[in-house]
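# below: sequence and its predicted model.
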Amino acid sequence: MEKRYQVFVSSTYADLKEERQHVIQTLMEMDCIPAGMELFPAADEEQWEFIKRVIDDCDYYLLIIGGRYGSTTGDGISYTEKEFDYAVENGLKVIALIHGEPDNIPFGKTEKDEGLRNKLFSFRDKVMNDRLVRFWTATKDLPGLVALSMTKTIKMYPATGWVRANNVVNEDIFVEINDLRKENIKLQNTINENQAKFALDVTDIADIDSEYTIHGKYKIYKKGFDVRSSTFESRISWKEMFSLLSPYLVDYYNELSVSTKLADCLFEREGKSGSSTSIDDQEFKTIKIQFEAYGLIKTKHLKTVKGDMAIFWYLTDKGKKLMIESRLIRKNTDFRTGSTKYA
């Protein structure tokens with residue numbers, strides 16, 4: 001479908017009337033829809049609110065900077081700069097055309113007030129910061145620069161644009177959309193049925209604050225020799241266990257590494273000394289199932305860096321939320337002394 005793009009033309013007015021006419025004429029010849037202050041109707045509406053609504057309807061923002069900063073709003077910012085800030089804030093692509101020889105601009109088209117001149121220079125710097133701009137020195141330069149810049153910008157950053165209503169849809173498209181809608185409903189029903197069929201039906205799952213006993217093994221070495229193997233056990237709540245383990249699961253974490261890391265954390269928690277720690281494999285599988293049942297983790301078969309396949313753990317959105325809540329350093333105030341302490 002043939003689109004027409006609406007372009008907001010922003011600049012000071014009195015000193016750039018001729019330049020604006022050339023720019024607007026070029027945009028119209030490119031089948032664009034120009035929008036600017038000279039095209040605004042007289043309306044019983046606050047000026048800035050009206051300008052914002054026009055910018056909201058535009059696809060691109062074209063800025064022309066000459067030798068004047070322009071009339072300012074109540075907060076001391078020119079309407080041109082305020083329009084620019086609003087367009088950038090709303091994600092419009094900016095085409096900036098800046099006078100390349102400000103010292104050669106006729107005196108009658110420059111700012112006499114030193115404060116306004118400084119604001120103009122600051123505005124020029126803001127526009128040129130991290131942005132490609134084009135420079136002009138004569139009015140005759142503008143049509144070519146506008147055509148070149150707009151063509152390139154539309155190609156690189158296609159916008160929504162406007163189309164004639166009778167070109168949007170026809171009867172065949174309506175039929176196709178309706179068929180797709182019916183197919184989508186059927187697929188969604190199938191998904192819902194499968195989810196209901198395989199949904200976990202557990203009504204008496206242990207509370208996350210309840211405790212679970214984990215058994216493990218470790219070795220004690222002396223002077224480089226294996227002296228003996230020993231066992232340890234750790235009784236810990238599911239929530240505390242998840243708090244210990246969850247930071248390692250922010251990214252995908254190999255299941256074997258998960259088991260080793262959990263064994264190390266529990267061993268350290270019990271104040272033991274030794275090495276080669278491990279936990280009971282069946283209990284570890286129970287831990288995995290329990291965390292999945294809580295909706296805190298998911299697992300996926302992925303390739304390792306060596307090219308083998310392995311099971312990896314990772315956090316769900318619910319798991320990330322609980323991790324932050326359980327590991328966040330909070331500020332506590334001792335109301336007896338008035339002092340603040342961190343826990």
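That came through fine.
# what about the most centrally placed residue in the chain, distance to residue 60?
Among the residues of the chain, the one closest to the centroid is residue 91, at 12.8 Å (C-alpha atoms, centre = their mean). Look at residue 91 and residue 60: by C-beta to C-beta, to the nearest Å, they are 11 Å apart. Every C-beta, even on glycine, is put in place using the N, C-alpha and C of the backbone.
# do the same with residue 109
Here residue 109 is placed at a distance of 26 Å from residue 60 (C-beta to C-beta).
# who has more neighbours, these two?
Set residue 109 next to residue 60 and count neighbours by other C-beta atoms under 10 Å: residue 60 wins out with 23 against 14.
# list phi and psi for that one.
phi -140, psi 160 (degrees, to the nearest 10).
# a strand runs through residue 273, doesn't it?
No - read with DSSP: H, G, I helix; E, B strand; the rest coil, residue 273 is coil and lies in no strand.
# residues contacting it?
residue 220 (C-beta atoms under 8 Å, 6 or more residues apart in numbering).
# okay, it: pLDDT?
Residue-level confidence at residue 273 comes out at 80, pLDDT.
# if I look at it, how far off is residue 280?
Using C-beta to C-beta, residue 273 is found at 20 Å from residue 280.
# just residue 210 next, same as before
Computed as C-beta to C-beta, the residue 210 to residue 280 distance reads 19 Å.
# same check on residue 80?
Distance, residue 80 to residue 280, using C-beta to C-beta: 72 Å.
# with neighbour numbers in mind, choose between these two.
Neighbour count, other C-beta under 10 Å: between residue 80 and residue 280, residue 80 has more, with 24 against 17.
# can you map out the helices along the stretch 101-250 of the chain?
In the stretch 101-250 of the chain, the segments counted as helices under DSSP state H, counting those that start in this stretch are 114-128, 142-156, 171-198, 238-245.
# tell me which of the ones you listed is the most buried.
helix 238-245 (a mean of 19; mean count of other C-beta atoms under 10 Å).
# so what's the gap between it and the chain middle?
Averaging C-alpha positions (C-alpha atoms, centre = their mean, to the nearest Å) puts helix 238-245 30 Å from its chain's average.
# helices and strands around it, which ones?
Helices and strands touching helix 238-245, by 3 or more C-beta pairs under 8 Å, 6 or more residues apart in numbering; DSSP states H and E, are strand 211-222, helix 255-269, helix 281-294, helix 317-327.
# okay, and the residue nearest to the centre of the chain sits in which element?
Under DSSP states H and E, no helix or strand contains residue 91.
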